[in-house]
Structures are given as C-alpha cells and as structure tokens.
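*Asks:* fold the following and give me the result.
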Amino acid sequence: MTDTDDLVQRVAARAASDSGDLPTPVDDVRIAQAEAHLGFPLHPLVARLYGEVGDGGFGPDYQLLPLLGPGSSVVGDYLERRQASVGAEYPEWPEGVVPILTWGCGMYAAVDCFSEDGRVLLFEPNPYSGGSWEQCWFLDATSLASWLETWLAGTGWFEEDAFGSEDVAEPQPWDQAAARLSSGA
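*Replies:* I've put the predicted structure just below:
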C-alpha cells in the first residue's frame, strides 16, 4: 500500500464517521465527464477522493463540493469563475485551479491541477479593491495530501481549536498568482 492509498483510506474512514449520509463516490464515467467539461485532467488525488470516498460532503468545515451537478459544484464553480476571467483586463481565476470547497463569503479552497503535488490555494476576495486579483490568492498547502493531513489531525488554520495557536501555519500570499492570472494558465 502506498502513502496515498493509506491517506485515501484514512480520509474515507473519517468521512464515514463524520457523516451518516455520505454521497456515493462517482464512477470513472463521471470523472471523465468532469475532465471533459474542465478541459484538463483533475489532479490524481482529487479524482481518487471523488471516486473512492464520496461525491463531496466530507472534509473541513463546509465540506467538499460535489464534482458535477446542479448548484455549486467543482466543475460548475470553476467554469463560472473562468468564464468571468477569460478576456478580462484583470482575470480573477487562473486556469487549472479547481474550487473544491467554499468557506463562505466568496472564499474557496482550490486545488491547482497543473501542479504536481496539487497545491491547495485559498481564494479570499475580500481584500479586492480593483485592478489585479493577485492579492486575493494565498498558498494554503504545498500539496493536497498535506492539506488533508492537517484536516485529519485537526491542525489546519480553519480548525476552531487551532485558531490562534502558534504552531498553525496560516496561508501566505501565492507567489505565482500574478503570473498565473496574467498568463491564463
């Protein structure tokens, strides 16, 4: 068993214990449909979470969005954000960054499917005051695996018990935001 296999099993166990009504995982056909709509492959760990754990409904706080479907979803929210960004003088959403969870107030946790480790980004639109959106993007975790580990351990900045702790790493400005927003990728 790989470390990723172990991580997915631990996430599945936590998801099952947290929710009495966890959505059924999606099949390979739904994952392929999602990727066709997006125009790029999901990060492999994102695909495994949706294919092996559930179609959202687990994870920190507001829980992961469903992959597809009516209302808010990974694919729907991504396409809406990207449509508003394509051709805009100041694009707000980079290509390949899929929202996986909403924190409320317009904030998202998002996975960069173009990064090898699936870095997790925080989109926080509240500081926006016109012009570039780069100040609204933060690096939450260098990998989706490490982000999930902080959730499993209860040590993420988003955990109520961890709030104010000196050991909790808070999201830092994403140093690639300006380049990724201006390049369209």
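
*Asks:* low pLDDT regions in this structure?
*Replies:* The chain contains residues with pLDDT under 70 at 1, 161-167, 184-185.

*Asks:* show me where it has strands.
*Replies:* 97-104, 107-112, 120-123, 137-141, 172-173 (DSSP state E).

*Asks:* S17: which of those is closest?
*Replies:* Among the strands of the chain, strand 97-104 comes nearest to S17, with 18.8 Å by CB to CB. C-beta: built from backbone N, CA, C; applies to glycine.

*Asks:* contacting residues around the closest one?
*Replies:* Residues outside strand 97-104 that contact it (CB atoms under 8 Å, 6 or more residues apart in numbering): 38, 42, 46, 59-65, 72, 74-75, 77-78, 81, 108-114, 121-123, 158, 180.

*Asks:* contacting residues for the residue positioned nearest the centre of the chain?
*Replies:* Centroid check for the chain by CA atoms, centre = their mean gives A110 as the closest residue, at 2.8 Å. A110 sits next to V97, V98, P99, I100, V120, L121, L122, F123 when contact means CB under 8 Å, 6+ apart.

*Asks:* buried subset of the contacts of strand 97-104?
*Replies:* If you count burial by 16 or more other CB atoms under 10 Å, the buried members of the contacts of strand 97-104 come out as 38, 42, 46, 59-60, 63-65, 74-75, 77-78, 81, 108-114, 121-123, 158, 180.
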